[in-house]
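Undergrad: just need the structure, nothing else, for what follows:
(one chain, ligands or ions: 1)
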Amino acid sequence: TREIQLASRPHGEPTQDNFALAEVALPDPQPGEIAVRNLAMSVDPYMRGRMNDAPSYAPPWQLGEAARGGAIGEVTASQSPDVAVGSLVLHDRGWREHAVLPASEAFVVPRRDGLSPTLYLGALGMPGRTAYVGLFRIAAFQPGDTVFVSAAAGAVGSMVGQLAKLSGAARVIGSAGSQDKIDFLLNDLGFDAAFNYHDGPAARLLAQAAPDGIDVYFDNVGGEQLEAAIGAMKLHGRIAVCGQISGYNASSPQPGPRNLGLFVSRRLAMKGFLVFEHDDLADEFTQQVSGWLTEGKIKTRETVVDGLDQAVDAFIGMLRGANTGKMIITL
Ligand code: NDP
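TA: This next block holds a predicted model:
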């Protein structure tokens with residue numbers, strides 16, 4: 001079977017040379033283990049951090065070993081009473097076609113009528129849960145709020161905007177990196193306003209899109225758009241710091257916002273979070289979002305690439321904005 005290994009650590013933007021496609025033998029599952037045929041795998045921004053040899057919340061990938069990450073697959077052999085052959089499982093042995101792993105590290109997911117299993121890597125999975133936690137718990141969203149989200153056409157951002165609209169937001173504004181993405185936000189997802197952050201200074205574009213200011217900023221990118229959002233905040237505004245993708249390939253820390261004084265005058269709050277520390281919201285999230293997906297109230301788009309040999313390009317492409325909605329690799 002084939003897997004993708006980390007071959008070297010990147011400086012700046014990752015390249016193909018940082019990865020190697022390897023043919024390896026698949027062991028038989030031992031007692032307590034299952035064998036899985038992966039159907040699809042995820043590439044996510046946080047994986048850029050796992051390429052560095054620095055301690056972080058997700059352990060670094062090791063040189064010469066298969067990379068790891070979210071995947072969904074079908075159980076082909078089981079040595080565990082808890083997981084039956086044929087089950088659909090979510091697990092962290094992505095970047096490979098087959099995996100053998102302890103059954104205790106796989107999460108059996110229901111096959112839901114009409115909903116694609118790849119949703120467990122996106123809207124119904126970690127990115128969707130991130131949107132839910134960040135909007136409702138961290139940013140303490142209230143009906144009537146005006147919400148701005150960056151990387152709005154991506155996996156997390158597209159969910160933030162829709163959850164806010166469905167929950168009574170007064171106005172939802174998104175930013176993204178291309179006209180196609182802006183059209184997607186306005187025409188498919190029901191955003192009230194959207195701008196391409198390449199079209200000028202973010203502060204001006206945001207002021208045009210949100211003339212009365214914003215109550216909530218869901219930050220996926222940091223940098224210039226964070227400063228613009230702080231400038232647009234209303235009194236008692238809240239910022240959920242989810243990610244800072246504009247700096248992930250930077251080799252030295254990026255300059256911070258220059259307008260932090262506004263935190264005092266406008267009594268603002270800003271808080272970072274990690275989705276996996278909020279598992280207590282998982283059931284509520286799954287029930288709510290699977291319902292909205294089934295009813296067609298939440299729309300999803302995926303950018304799907306086929307084949308393990310395309311996974312590295314898909315990863316590098318996702319970091320550059322090649323995806324609309326969730327970037328998925330089918331295997
Ligand atoms: P996306 O699907 O949004 O893909 C990443 C997107 O980032 C690209 O499509 C691109 O879109 C945008 N982007 C890339 N470079 C820049 C830049 N310099 N400035 C602005 N936008 C840029 O990824 P996810 O939805 O999976 O993740 C979104 C954010 O959420 C990331 O920051 C990620 O690290 C964070 N995250 C945090 C979690 C947590 O627990 N805190 C959990 C999961 C995700 P465009 O064309 O618009 O530029």
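Undergrad: ok, now how distant is the residue nearest to residue 68 when sequence neighbours are not counted from residue 50?
TA: Once flanking residues are discounted, residue 68 sits nearest to residue 92: 5.3 Å by Cβ to Cβ, 6 or more residues apart in numbering. Every residue, glycine included, has its C-beta placed from N, CA and C. Distance of residue 92 to residue 50, given as Cβ to Cβ, to the nearest Å: 11 Å.
Undergrad: so what's the spatially most central residue of the chain scoring on pLDDT?
TA: Nearest to the geometric centre of the chain sits residue 127, at 3.9 Å (Cα atoms, centre = their mean). What the model reports as pLDDT for residue 127 is 98.
Undergrad: what sits against the residue nearest to it when sequence neighbours are not counted?
TA: Leaving aside its sequence neighbours, residue 127 sits nearest to residue 155 (Cβ to Cβ, 6+ apart; 3.7 Å). By Cβ atoms under 8 Å, 6 or more residues apart in numbering, the residues touching residue 155 are 44, 122-123, 127-128, 323, 325-327.
Undergrad: in strands only, show me the residues you listed.
TA: 326-327 (DSSP state E).
Undergrad: before we move on, back to that, phi first, then psi, for the residue nearest to residue 127.
TA: phi -60, psi -50 (degrees, to the nearest 10).
Undergrad: next one: it from residue 95, what distance?
TA: Where residue 95 is concerned, residue 155 sits at a distance of 18 Å (Cβ to Cβ).
Undergrad: and residue 30, by the same measure?
TA: With Cβ to Cβ as the criterion, residue 30 and residue 95 are 22 Å apart.
Undergrad: how about the strands in the stretch 101-250 of the chain?
TA: When secondary structure is read from DSSP state E, counting those that start in this stretch, the stretch 101-250 of the chain shows strands at 107-108, 146-149, 171-176, 193-196, 214-219, 233-241.
Undergrad: pull up the pairing partners for the third one, direction included.
TA: For strand 171-176, the pairing partners within the sheet under DSSP bridges are strand 146-149 (parallel), strand 193-196 (parallel).
Undergrad: what parts of the stretch 151-300 of the chain come near the ligand?
TA: 151, 153-157, 176-178, 181, 220-221, 242-243, 245-246, 273-275 (Cβ under 6 Å from any ligand atom).
Undergrad: what's near enough to touch residue 84?
TA: 75, 78.
Undergrad: and what about it, helix, strand or coil?
TA: coil (DSSP: H, G, I helix; E, B strand; the rest coil).
Undergrad: if we can go back for a sec, the residue nearest to the centre of the chain contacts residue 151, doesn't it?
TA: No - using Cβ atoms under 8 Å, residue 127 is not in contact with residue 151; the gap is 10.8 Å.
Undergrad: could you pull out the helices in this structure for me?
TA: Secondary structure of the chain (DSSP state H): helices at 47-50, 126-132, 155-166, 179-183, 202-209, 223-232, 262-265, 282-294, 311-320.
Undergrad: right, so these: which one is the most enclosed?
TA: When you average the neighbours per residue for each of these (mean count of other Cβ atoms under 10 Å), helix 155-166 leads with a mean of 27.
Undergrad: and the average pLDDT for it is what?
TA: Mean predicted confidence for helix 155-166 is 98.
Undergrad: dump it to CSV, keeping only the CA atoms.
TA: Extracted as CSV, the C-alpha positions of helix 155-166 are listed here (Å, rounded to 0.1, in the frame of the first residue of the first chain):
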residue,chain,number,x,y,z
ALA,A,155,-14.1,25.0,5.2
VAL,A,156,-14.4,26.9,8.6
GLY,A,157,-15.3,30.3,7.2
SER,A,158,-18.2,29.1,5.0
MET,A,159,-19.7,27.4,8.1
VAL,A,160,-19.3,30.5,10.3
GLY,A,161,-21.2,32.7,7.9
GLN,A,162,-24.1,30.2,7.5
LEU,A,163,-24.4,29.4,11.2
ALA,A,164,-24.5,33.1,11.9
LYS,A,165,-27.2,33.7,9.3
LEU,A,166,-29.3,30.8,10.5
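Undergrad: chain center to it, what's the gap?
TA: 12 Å (Cα atoms, centre = their mean, to the nearest Å).
Undergrad: same thing with stretch 184-193?
TA: Distance of stretch 184-193 from its chain centroid, counting by Cα atoms, centre = their mean, is 19 Å.
Undergrad: and that stretch, which residues are buried?
TA: For stretch 184-193, the buried set under the neighbour-count rule, 16 or more other Cβ atoms under 10 Å, comprises 184-185, 188-189, 191-193.
Undergrad: re the thing from before, same list (the helices of the chain) but as JSON lines, adding distance to residue 22.
TA: Shown next, in JSON lines, are the helices of the chain (distance: least, Cβ to Cβ, whole Å):
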{"stretch": "helix 47-50", "distance to residue 22": "18"}
{"stretch": "helix 126-132", "distance to residue 22": "26"}
{"stretch": "helix 155-166", "distance to residue 22": "28"}
{"stretch": "helix 179-183", "distance to residue 22": "35"}
{"stretch": "helix 202-209", "distance to residue 22": "42"}
{"stretch": "helix 223-232", "distance to residue 22": "36"}
{"stretch": "helix 262-265", "distance to residue 22": "49"}
{"stretch": "helix 282-294", "distance to residue 22": "34"}
{"stretch": "helix 311-320", "distance to residue 22": "13"}
